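J.: Attaching a predicted model along with its sequence, questions to come.
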Amino acid sequence: MAEALLVVEGLNTVLNTSEGTVRAVTDVSVEIGKGEIVGIVGESGCGKSMTVMSIMGLVPSPPGEVTGGRVMFDGTDLRTLSGAEMQKTRGRRIGMIFQDPMTFLNPVLTIESQISEMLRHHLNLTKAERRERVIDLLRRVRIPDPARVVASYPHQLSGGMRQRILIATAISCDPELIIADEPTTALDVTVQAQILELLKEIIHDMGSSLLLITHDLGVVAETCDRVYVMYAGKVVEEAPVDELFRTPKHPYTQGLLASILRADERRDELYALDGTVPNLVDVPVGCAFVDRCAKATAICETAGPGWTRNSDVSGVACWNYET
Amino acid sequence: MSMQDTPPLKSRFAVLYGNLLRYPARLRLDPVSGAALFTLVAMLLFAFITPLFFENVNAMGHESFAPPGPQHPMGTDDLGRDVFARFAYGARSSLSVGILAAFTSSIIGISLGAVAGFSQGVVDIVLMRISELFQVIPRFFLALLVIAIFGSHLIFIILTIGLLGWPEVARITRAEFLTLREREYVMAAHAVGQSTRSIIFGEILPNAMPPLIVAMTMQVSSAILLEAGLSFLGLGDPSNPSWGLMLNEAQQFLTRAWWMAVFPGLGILLTVAALNIFGDHLTDVLNPRLRGGR
């Protein structure tokens, strides 16, 4: 792995609700090297997005609160930065791409003003330079006729175009790290592939790193170098992509992979993981996956599994994982 | 890179709020709102141009209670002054009071409402209790009091009306901010490191403008009415004839000289009705979702 750019250690985030404290993120440790594309996969509500929000310092408070851990970005702990310093980091050094390009663009502002607003905050450019840069950015994300598109409003563009605009916004200040939270979920499949291709290419050209949050293992396989699997607020497995797909170790990962449909395979019955994600208000004492796990033994009920490191780049949190 | 085919650079203000000032075609006028807009424009032009042709509206003439005729299109009053000249001056003071008072209350209301809605918590609670304090005081009587203390100069009337109208604007602004601050594009603006100030004025406020524009037109009309009411009770600025002051003067002579009351009354009626109708129409037009593509 290349030199580390972002190192998250023992991150804990809770949400204080009327029903009790929800442990949204528990002891999550994630590492991203320079120029690397890292994925975080998991189903809805497993804490992927909360992890990202915690890294960015955007956890809505109340009810949310980051209770512990370090977020080392290029040598500084983002959690110790002041509000103003963090503001300078967001957008400038860490770009973010969101899920739904319709709701994440301001409906009453033109594309140009949305992007150049950000340039105005982070870079010292004249108005004409900003305009030039916006058009250049749109060209980089392959938007046809950028000179016309800058003057349009979000509702006048298609979903794929809007997602390209969001990407253009995220890369507008050449950030070292880009965090993409389900960037293709709101798009249809053909556009998805184009957007992923584009994203990879841009990341590569800029020499930046990408943290990709998704629930889609297909997206991970196509894009990422390494991947973290999250379940119920915890990282349960970490591995390089080909290793994860070839030899998944955690029973949850195995279940996820088994439930993928493949075109070259004939199946009479679809595989599905039984049960549901545990309620994160009262997390079970033992392993969070125990109720749904086929390999569960007595110890799984009483104690949470520790982290077993298999190599520099892979590890698993399970008592009975397969080697 | 070629810049020839690109649209011209606009100032930041024009980009953010330009929709509100765009071409008349975008106003999608129907006959009623068209008539309202026409009335407003005509009234504004009349109010700010006609008075320039009259030298001294308070000068007494030698003919009292002359009915409307070629010499005096709106007749003369008890002191022989030309009602038309006073009507034109009245239009100017009534409209300036209306617009300036609405401007004052909008500035205060929008800033306080935005801060309250955006920050929530203690700030919100304190600001809203203050606005309630202003709302429970009967506007008219507070205005009476202020004018009784500070005198009836036009500036005080404008400020008083303006200071009384802000809670309404503040409440609308706050309500809009409470919902808009939760929108995803606001979160996105946080994520790209925009400052709080630019999120409030650059991201949220433009989205909150449609109901605010309507509230502002209503502020103008209610300010005109309030000023007319004050002047009618004799608390207006006597050296600056306004429509309300004219009505005040006319009440003793209602049976002798109907023209003294009818024309300023019509002026108020037309202006306020036109403002309200046009304000309603703006609500529909300013909805960004109803705005057409290009």
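T.: Yes, it's here.

J.: Tell me which helix or strand B:Pro167 sits in.
T.: helix B:154-180 (DSSP states H and E).

J.: Could you pull up the mean pLDDT of that helix?
T.: The average pLDDT within helix B:154-180 is 89.

J.: List the buried residues of that helix.
T.: Within helix B:154-180, the residues scored as buried using 16 or more other C-beta atoms under 10 Å in any protein chain shown are B:154, B:156-174, B:176-177, B:180. C-beta here means a position set from N, CA and C on the backbone, and glycine is covered the same way.

J.: Sketch out the low-pLDDT regions of chain A for me.
T.: A:1-2, A:263, A:322-323 (pLDDT under 70).

J.: Please, where are all the helices along it?
T.: A:48-56, A:83-89, A:111-122, A:127-140, A:146-149, A:159-171, A:189-206, A:217-223, A:241-246, A:251-258, A:298-302 (DSSP state H).

J.: Compile those into JSON lines and extend it with columns for distance to chain B and mean neighbour count.
T.: Shown next, in JSON lines, are the helices of chain A (distance: least, C-beta to the nearest C-beta, whole Å; neighbours: other C-beta atoms under 10 Å in any protein chain shown):
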{"stretch": "helix A:48-56", "distance to chain B": "6", "mean neighbour count": "24"}
{"stretch": "helix A:83-89", "distance to chain B": "5", "mean neighbour count": "15"}
{"stretch": "helix A:111-122", "distance to chain B": "4", "mean neighbour count": "23"}
{"stretch": "helix A:127-140", "distance to chain B": "6", "mean neighbour count": "18"}
{"stretch": "helix A:146-149", "distance to chain B": "4", "mean neighbour count": "18"}
{"stretch": "helix A:159-171", "distance to chain B": "7", "mean neighbour count": "24"}
{"stretch": "helix A:189-206", "distance to chain B": "16", "mean neighbour count": "16"}
{"stretch": "helix A:217-223", "distance to chain B": "21", "mean neighbour count": "19"}
{"stretch": "helix A:241-246", "distance to chain B": "27", "mean neighbour count": "16"}
{"stretch": "helix A:251-258", "distance to chain B": "28", "mean neighbour count": "20"}
{"stretch": "helix A:298-302", "distance to chain B": "38", "mean neighbour count": "14"}
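
J.: CSV for these, including distance to B:Asp82?
T.: Listed next are these as CSV, based on distance: least, C-beta to C-beta, whole Å:
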stretch, distance to B:Asp82
helix A:48-56, 70
helix A:83-89, 63
helix A:111-122, 52
helix A:127-140, 53
helix A:146-149, 58
helix A:159-171, 62
helix A:189-206, 72
helix A:217-223, 81
helix A:241-246, 90
helix A:251-258, 89
helix A:298-302, 99
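
J.: give me every residue that touches the residue most central in space within chain A.
T.: Central residue of chain A (C-alpha atoms, centre = their mean): A:Ile213, 2.4 Å from the mean position. Residues near A:Ile213 by C-beta atoms under 8 Å, 6 or more residues apart in numbering or on different chains: A:39-40, A:48-49, A:51-52, A:179-182.

J.: and if you look at A:Leu123?
T.: A:130, A:173.

J.: if I look at it, how far off is A:Ser44?
T.: 37 Å (C-beta to C-beta, to the nearest Å).

J.: ok, now B:Gln120?
T.: Counting by C-beta to C-beta, the gap from B:Gln120 to A:Ser44 is 28 Å.

J.: So those two - more neighbours on which side?
T.: B:Gln120 (13 against 9; other C-beta atoms under 10 Å in any protein chain shown).

J.: just the helices in the stretch 101-250 of chain B please.
T.: B:121-136, B:139-150, B:154-180, B:184-191, B:196-198, B:205-232, B:243-250 (DSSP state H, counting those that start in this stretch).

J.: circling back: now for the helices of chain A, which one comes closest to B:Gln194?
T.: helix A:111-122 (5.7 Å; C-beta to C-beta).

J.: That closest one to helix A:127-140, inter-axis angle?
T.: 120 degrees (axes from the mean of the first three to the mean of the last three C-alpha atoms, to 10 degrees).

J.: list the helices and strands helix A:111-122 packs on?
T.: helix A:127-140, helix A:159-171, helix B:12-17 (3 or more C-beta pairs under 8 Å, 6 or more residues apart in numbering or on different chains; DSSP states H and E).

J.: Show me what the first one is packed up against.
T.: Contacts of helix A:127-140 with other secondary structure elements, assessed using 3+ C-beta pairs under 8 Å, 6+ apart, are made with helix A:111-122, helix A:146-149, helix A:159-171.

J.: wait, which of those helices is closest to A:Pro63?
T.: Nearest to A:Pro63, of those and by C-beta to C-beta, is helix A:159-171 at 26.9 Å.

J.: so which of the helices of the stretch 101-250 of chain B is the most packed in?
T.: helix B:243-250 (a mean of 25; mean count of other C-beta atoms under 10 Å in any protein chain shown).

J.: Mind giving me the packing neighbours of the following helix or strand past it?
T.: Proceeding N to C from helix B:243-250, the next assigned helix or strand is helix B:259-285, under DSSP H and E. Applying 3+ C-beta pairs under 8 Å, 6+ apart, one finds that helix B:259-285 makes contact with helix B:31-49, helix B:83-119, helix B:205-232, helix B:243-250.

J.: average pLDDT across helix B:259-285?
T.: Averaged across helix B:259-285, pLDDT comes to 88.

J.: Tell me the gap between stretch A:297-308 and the middle of its chain.
T.: 27 Å (C-alpha atoms, centre = their mean, to the nearest Å).

J.: Please consider this matter closed, and thank you.
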